[in-house]
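Trainee: Whatever this is, show me its structure:
(chains A and B)
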Amino acid sequence: MRTDLSHLPPSSPEEIRAMTQRAGLDLPEELMQQFVAAWPAFEAMVRRIPRSLDRAAESAHSYRPLRLVRG
Amino acid sequence: MMDPAFLTIAELGRLYDQRELSPVQVTRALLDRIAAHDGKLHSFIRVTPEVALAEAQAAERELMSGRRRGPLHGIPYALKDIVETAGIPTTGHSKLCRDYVPTTDAHLVTLLKASGAVLMGKLATWEFALGGPSWDLPWPPARNPWNPDYLPGGSSSGAGAAVAAGFVPGAVGTDTGGSIRGPAAVCGIAGLKPTYGRVSRRGVFPNTFTMDHCGPLTRSAEDIALFLQAIAGFDADDPGSEDTPVPDYRAALTGRIEGLRLGLIEHWYAEGAHPDVPPAMSVAVEVLRGLGAVVEPVQLSSLRDYTDCKTTISIAELYSIHEKDLKTRPQDFGRILRNRVLPGALIRAEDYVQALRWRTVLAREQAQALKRFDALLTAGALNVADPADPNLPDRLVSSPSITMPFSVGGLPALAIPCGFSRAEGLPLSLQIAAAPMAEPTVLRIAHAYQRATDWHRRHPNLH
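Mentor: Got it, this is the predicted structure:
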C-alpha cells in the first residue's frame, strides 16, 4: 500500500517564512510574499512522494568513478 | 531564386548537390526573412549575420570544390541561448548572464562546426530553460508563428518559433521535462528528446543534471535523423554521456512499420486535455494501423505521479545550481523562475532521495512496457499553445505534464504534428517514445507517419 505525507496540514505563512530564513535566504518582503504564495503547491507535491518503497529500491543516481577518471 | 523558407534540410542538401541553390543564397534569404518578421515573434535573442555569412561562404567554397562534409553542410541552424558559443554572448535569457561571453564552444557546437552547418544566431528560451514565459526579463518572450497572440511553448521557445516560422530549417533545444517536445508540439514541428546520454550536455547551462537532454527541432522526422547524426555521440567529459555506437539514423527511415507493436497510453490524455486532442490521436492511430502497425492500449502510472517525481528532483537540483545568486541577488531573476527554484531551498534531503528512488520504480515500469511493445504512443501536448497573457497562473506544479514521463525514463521521445484544433487553428501533436537508444525505431515510425500525412507540410503565414 502506498504511503505518503499528504495527510499533513499545510505550512502556515509564518512557518514558510521561518523555514526560508533557516535555509539562509533573506528575501526582500515583496519577494518573500511571492514565495509564501508559491510554496504550498510545491509542498503538496513533495508530500505526494511515496514513502513506502522497497528497502532495496535504488536511487536513480549515477556515479561511475571510472568515467570521472577517464574524463 | 526559389524561396528556401520552408525547404527541409534534406531538400536543401539535394538542391545544393544539383547547384540549384547555394548556402550563401539560402543564408541571405533566411537572414532577410528573420529581419522582416522576427520583430513580431522575438524568436532570436541575437542574430549573428557575420558568423552566418562567413560559415556559409566557407561551406559554399567546399561544396563547389566537390567536398561534402555531410547532410548539414551549408545548412543554417540556430541555438537555444543556453548553449555556449565561444565569442558570442550566451545569456540564458537572463539578466544574470546578460554580458556572459563564453571562451569555448559547447561540445555539440564543435560537432556542428565540423559538420559545416551555418550558425544564424542564438534563440529565446525560458529563463535558464525553466522560468517562463516571462515578461520581466531583458528580452521579451517569443511568440507562436501560427498566431502571435499565442506562445510557442517552452522552454525552447525561440527554437520552436524560429523553425516553424521558416527562419531556420533546424535548431538545437534542450529538454529536461519537455522543453523540446512542448514547443515542437504547439508550433507544429518535430522535436526529439534523445536518450539521456546520447548527446553531450557539456557547455550547456544545466537545469537538472540527472535529466538534461540536448536535441534537434526541425520540420520533419527525416531532418531530425540528419540533425541527430551530427550531434550524437560519446563525450568523455560529460559524466552522463553513454559510450554507445551511433547508428545510421537515416537508414532507419524505411517507410515500413508493418508488424511493429505500439503501446497506446490513452489514459494520459483521455481526460483533462483539449477536446480536439483525443480525436486527433484516434485518427493518427488509425493511420499507423493502416500502415500495418499493431496498436494496443497500455496503462502506466498517472501523469501526476511522473510530474511529482520529476519536478521534485528538478527543483532540488536547480536550487543547488542557483543557490548563490538566489541568496545574493534574488531580484535579478525573473519572477517565474525565482518562484519555481526557491522551493528547492525547502526540499529536504530525504524528499530528493525518495524522488530519485521513485524514479527507478517509474522507469522500470516503462522498461516493462517496452518488453511488450516496440514503441509507446501518446499525445505530444495536452493543450494547444497558451495565449500570450502575462497574468496566466504558473502551472508547473498544478497541471501534470505529458512529456515528463519520458524524461523520468530517459527514453528517446519525439513530438510530431498530427492536426489542428478547430477553434484556435493551432497545432496538435503525437508523441512517440521507445527504449533507450532506440531512436531509429522512433524515427522510423514518425517518418512512415509523415509519408502518409501532410501535417508537417503545413506552415504559418507570416504577415
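Trainee: Around chain B, pick out the residues from chain A.
Mentor: Contact residues, chain A versus chain B (C-beta under 8 Å from any C-beta of the partner chain): A:16, A:19-20, A:23-28, A:31, A:34-35, A:38-39, A:41-46, A:48-51, A:53, A:57-62, A:64, A:67-68, A:70-71. Where you see a C-beta, it was placed from the backbone N, CA and C, and this is true even at glycine.
Trainee: which among those end up buried?
Mentor: By neighbour count, with 16 or more other C-beta atoms under 10 Å in any protein chain shown, the residues of chain A next to chain B hold A:16, A:20, A:23, A:25, A:27, A:31, A:34-35, A:38-39, A:41-46, A:48-50, A:53, A:57, A:59-60, A:67 as buried.
Trainee: State the number of residues packed around residue B:69.
Mentor: By other C-beta atoms under 10 Å in any protein chain shown, 15 other residues sit near residue B:69.
Trainee: residue ranges with poor pLDDT in the chain?
Mentor: Using chain A here. Within chain A, the segments meeting pLDDT under 70 span A:1-2, A:62, A:68-71.
Trainee: Okay, and the most centrally placed residue in it sits in which element?
Mentor: Per C-alpha atoms, centre = their mean, the C-alpha nearest to the average position across chain A is that of residue A:46, at 5.6 Å. Residue A:46 is located in helix A:29-47, with elements delineated by DSSP states H and E.
Trainee: So what's the gap between that helix and the chain middle?
Mentor: Averaging C-alpha positions (C-alpha atoms, centre = their mean, to the nearest Å) puts helix A:29-47 11 Å from its chain's average.
Trainee: Kindly report the same for stretch B:359-372.
Mentor: Chain-centre distance of stretch B:359-372: 23 Å, with C-alpha atoms, centre = their mean.
Trainee: Could you do stretch A:19-35 as well?
Mentor: Taking C-alpha atoms, centre = their mean, one finds stretch A:19-35 lying 16 Å from the centre of the chain it belongs to.
Trainee: Can I get it in PDB, CA atoms only?
Mentor: Taking C-alpha atoms only, stretch A:19-35 is exported to PDB below (Å, rounded to 0.1, in the frame of the first residue of the first chain):
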ATOM      1  CA  MET A  19      11.800  27.700   7.000                       C
ATOM      2  CA  THR A  20      13.000  30.100   4.400                       C
ATOM      3  CA  GLN A  21      15.100  32.000   6.900                       C
ATOM      4  CA  ARG A  22      16.500  28.800   8.300                       C
ATOM      5  CA  ALA A  23      17.600  27.900   4.700                       C
ATOM      6  CA  GLY A  24      19.700  31.100   4.700                       C
ATOM      7  CA  LEU A  25      17.500  33.100   2.400                       C
ATOM      8  CA  ASP A  26      17.000  36.800   3.300                       C
ATOM      9  CA  LEU A  27      14.400  37.800   0.800                       C
ATOM     10  CA  PRO A  28      13.000  41.300   0.400                       C
ATOM     11  CA  GLU A  29       9.400  41.400   1.700                       C
ATOM     12  CA  GLU A  30       7.900  41.600  -1.800                       C
ATOM     13  CA  LEU A  31       9.800  38.500  -2.900                       C
ATOM     14  CA  MET A  32       9.000  36.700   0.300                       C
ATOM     15  CA  GLN A  33       5.300  37.300  -0.200                       C
ATOM     16  CA  GLN A  34       5.500  35.900  -3.700                       C
ATOM     17  CA  PHE A  35       7.300  32.800  -2.300                       C
END
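Trainee: Tell me the confidence at the residue located most distally from the centre of chain B?
Mentor: Distance from the C-alpha centroid of chain B peaks at residue B:65, with 34.3 Å (C-alpha atoms, centre = their mean). At residue B:65, the model reports a pLDDT of 96.
Trainee: starting at the chain centroid, how far to the helix or strand residue B:62 falls within?
Mentor: Using DSSP H and E, residue B:62 falls within helix B:49-64. In terms of C-alpha atoms, centre = their mean, the gap separating the centre of helix B:49-64 from the centre of its chain is 26 Å.
Trainee: now stretch B:361-381
Mentor: When C-alpha coordinates are averaged (C-alpha atoms, centre = their mean), stretch B:361-381 and its chain have centres 20 Å apart.
Trainee: Repeat that for stretch B:254-268.
Mentor: Remark: stretch B:254-268 is offset 22 Å from the chain centroid, using C-alpha atoms, centre = their mean.
Trainee: Please apply the same query to stretch B:298-316.
Mentor: Relative to its chain's centre, stretch B:298-316 lies at 20 Å (C-alpha atoms, centre = their mean).
Trainee: Once you drop chain neighbours, what's closest to the residue nearest to the centre of chain A?
Mentor: residue B:351 (4.9 Å; C-beta to C-beta, 6 or more residues apart in numbering or on different chains).
Trainee: residue contacts, that neighbour?
Mentor: By C-beta atoms under 8 Å, 6 or more residues apart in numbering or on different chains, the contact set of residue B:351 is A:46, A:49, B:312, B:316.
Trainee: ok, now residue B:327?
Mentor: If a contact means C-beta under 8 Å, 6+ apart, then residue B:327 has A:24-26 as its contacts.
Trainee: all helices of the stretch 251-400 of chain B, in order?
Mentor: Listed in chain order, the helices of the stretch 251-400 of chain B (DSSP state H, counting those that start in this stretch) span B:277-290, B:303-328, B:335-341, B:349-372.
Trainee: Tell me which of these sits most buried.
Mentor: Mean neighbour count (mean count of other C-beta atoms under 10 Å in any protein chain shown) peaks for helix B:335-341 among the helices of the stretch 251-400 of chain B, with a mean of 24.
Trainee: and the stretch 151-300 of chain B, which of its residues are near chain A?
Mentor: So far as C-beta under 8 Å from any C-beta goes, the stretch 151-300 of chain B lies against chain A at B:210, B:236-240.
Trainee: burial measure for the residue nearest to residue B:325 when sequence neighbours are not counted, as a count.
Mentor: Spatial nearest neighbour of residue B:325, chain neighbours left out: residue B:96 (5.9 Å); criterion: C-beta to C-beta, 6+ apart. Neighbourhood size, residue B:96 [other C-beta under 10 Å]: 18.
Trainee: Closest to residue B:271 out of the residues of the stretch 151-300 of chain B next to chain A?
Mentor: residue B:210 (29.9 Å; C-beta to C-beta).
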